[in-house]
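*Asks:* next input, structure requested:
(one chain, ligands or ions: 1)
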Amino acid sequence: MTLPVSDYPALWLRDNCSCADCVAPGTEQKLHGITDLAPDTRIARVEEDADAVVVVFAPDDHRSRFTHAWLAAHRLDGALADDRSEDAKQLWQAADLAGAIPTGSWSAFHQDPVERAAGLEALQRQGFLLLRGVPVTDRAVLTVAESFGFVRRTNYGEVFEVRVEDQPTNLAFSSLPITPHTDNPYRDPVPTIQLLHCLVNAADGGDSGLVDGFAAAALLRAADPAAFDLLARTPVTFRYADAATELSATRPLIGVDPVGRIREIRFNNRSMRPIALPADQIDAFYAAYRRFAEILYSAEAQLTFRLEPGDCVVFDNTRVLHARTGFRAGGPRHLQGCYADLDGAYSELAVLRRGSIETNGAAR
Ligand SMILES: [Zn+2]
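*Replies:* Have a look, this model is predicted:
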């Protein structure tokens, strides 16, 4: 099948020439910018063979070759691929994952590229991954993060501890239940991956919960589009301060991309500062915020499971909210966590897929 080159505007074609004068050889890096191309660029002549279309442009007389395969892969049909947006996700409610929690063994994930790709694909599609059999040792969570990306160091250090403290500065260190939330919404950029590794869990209670924030936002949009729009349009300031730190970031609870797709959730009642809106819009904001919270906090939304020593949950902190049921302070529970970022994990996944394609090609 061939595509008429006239489906592709001349300037777009000229800008995407991949000849050695236009792209640095061995890279995908363009050597020209928009101001290097004539605004009246047009197609002077087209020659076609079995594999490709050769276009000669005016006024610069440049000659470009586009394969039919490349043109087909870059059809101008308005589809906007973004592996961070809701379109690239499999949205879920707790019941959808009953008995089907994406789970892998740490040793297989660590050693086998096929297992690692499957795990990272779960992180991308479902928003999380549970790894079992991680060594129950101090800072092992860093080894997990480094197996697919880069640790994000913060004011809490490389590793943060989640356990009971006598004088907690943060509710995470108390034995109170914690409602579903995303972490560190007061940072910009926010840490996009969180890892939690269980070292000890002898507590009575203290189970973990995960909620798909994209699914909850999609439910809100279906039930109450005006509430969804209000949350997507209202900037909210989140803040964290202690003796050495003062962090704040201002973003909406539901972040949408330029075409309106859900792309980022920030939800954390503990660190929300007073909403700054005209007084006559405050009631509507609170009604929308309440409605979203009710969906997020519902039993249908929350996947609950118990982390055992050696379990490490890895999740997309821009999408999946996490929660903890309350536990008795007497029962020891100790998790170690760290942050990492989705871009590194998705890069690892893309490179692993590239490897498998080359392997398959060689096998044929
Ligand atoms: Zn060129």
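
*Asks:* so what's the residue lying closest to residue 139 once chain neighbours are set aside up against?
*Replies:* Using C-beta to C-beta, 6 or more residues apart in numbering and skipping residues adjacent in sequence, the residue nearest residue 139 is residue 159, 5.6 Å away. (Glycine included, C-beta is placed from N, CA and C.) The contact partners of residue 159, by C-beta atoms under 8 Å, 6 or more residues apart in numbering, come to 139, 141-142, 336-338.

*Asks:* got it, and residue 230?
*Replies:* By C-beta under 8 Å, 6+ apart, residue 230 lies in contact with 281, 284-285, 288.

*Asks:* SS state for it?
*Replies:* Look at residue 230: counting by DSSP: H, G, I helix; E, B strand; the rest coil, its state is helix.

*Asks:* quickly note the distance from it to residue 149.
*Replies:* 35 Å (C-beta to C-beta, to the nearest Å).

*Asks:* do the same with residue 132
*Replies:* Residue 132 is 20 Å from residue 149, by C-beta to C-beta.

*Asks:* related to what we said a few turns ago, go back to the contacts of residue 230 and keep what's next to the ion.
*Replies:* Checking the contacts of residue 230 against the ion by C-beta under 5 Å from the ion, not one of them is in range.

*Asks:* what subset of those residues is buried?
*Replies:* 285, 288 (16 or more other C-beta atoms under 10 Å).

*Asks:* among the contacts of residue 230, which pair sits farthest apart?
*Replies:* 281 and 288 (10.2 Å; C-beta to C-beta).

*Asks:* based on its surroundings, how many neighbours for residue 38?
*Replies:* Residue 38 has 14 neighbouring residues, counting by other C-beta atoms under 10 Å.

*Asks:* next one: residue 248
*Replies:* Per other C-beta under 10 Å, the neighbour tally for residue 248 reads 15.

*Asks:* beta partners of it?
*Replies:* residue 239 (DSSP bridges).

*Asks:* which residues touch residue 66?
*Replies:* 5, 13, 16, 52-55.

*Asks:* at 7 Å what do you get?
*Replies:* 13, 52-53, 55 (C-beta atoms under 7 Å, 6 or more residues apart in numbering).

*Asks:* before we move on, what SS does whatever residue of the stretch 151-300 of the chain ends up closest to the ion have?
*Replies:* Residue nearest to the ion within the stretch 151-300 of the chain (C-beta to the ion): residue 258, separated by 29.4 Å. Under the three-state scheme (three-state DSSP), residue 258 adopts coil.

*Asks:* before we move on, back to that, turn the contacts of residue 230 into TSV, including secondary structure.
*Replies:* Formatted as TSV, the contacts of residue 230 follow (three-state DSSP):
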residue	secondary structure
281	helix
284	helix
285	helix
288	helix
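
*Asks:* how about the closest residue to the ion within the stretch 101-250 of the chain, nearest residue that isn't a chain neighbour?
*Replies:* Per C-beta to the ion, residue 124 is where the stretch 101-250 of the chain lies closest to the ion, at 34.1 Å. The shortest distance from residue 124 to any residue other than its chain neighbours is 6.1 Å, reached at residue 83 (C-beta to C-beta, 6+ apart).

*Asks:* what of residue 105?
*Replies:* Nearest to residue 105 is residue 133, by C-beta to C-beta, 6+ apart, at 5.1 Å.

*Asks:* which residues sit in contact with residue 123?
*Replies:* Here residue 123 is in contact with 129, 314, 316, 345 (C-beta under 7 Å, 6+ apart).

*Asks:* buried only: go through the residues you listed for me.
*Replies:* So, by 16+ other C-beta under 10 Å, the buried ones in the contacts of residue 123 are 129, 314, 316, 345.

*Asks:* list the contacts for the first one?
*Replies:* Taking C-beta under 7 Å, 6+ apart, we find residue 129 in contact with 102, 104, 119, 122-123, 314.

*Asks:* likewise residue 7?
*Replies:* Counting by C-beta under 7 Å, 6+ apart, residue 7 has contacts residue 76.

*Asks:* could you measure from it over to residue 74?
*Replies:* Look at residue 7 and residue 74: by C-beta to C-beta, they are 10 Å apart.

*Asks:* which residues of the stretch 101-250 of the chain score low on pLDDT?
*Replies:* For the stretch 101-250 of the chain, the stretches with pLDDT under 70 are 164-174.

*Asks:* pick out the most distant pair among the contacts of residue 66.
*Replies:* Within the contacts of residue 66, two members stand farthest from each other by C-beta to C-beta: 13 and 52, at 12.4 Å.

*Asks:* around the ion, pick out the residues from this structure.
*Replies:* 17, 19, 21-22.

*Asks:* ok, and the most crowded of the residues you listed?
*Replies:* Ranked by neighbour count (other C-beta under 10 Å), those have residue 17 at the top, with 20 neighbours.

*Asks:* for that residue, helix, strand, or coil?
*Replies:* On the three-state scheme (three-state DSSP), residue 17 is labelled coil.

*Asks:* ok, now which ones touch it?
*Replies:* Taking C-beta under 7 Å, 6+ apart as the definition, contacts of residue 17 comprise 62, 64.
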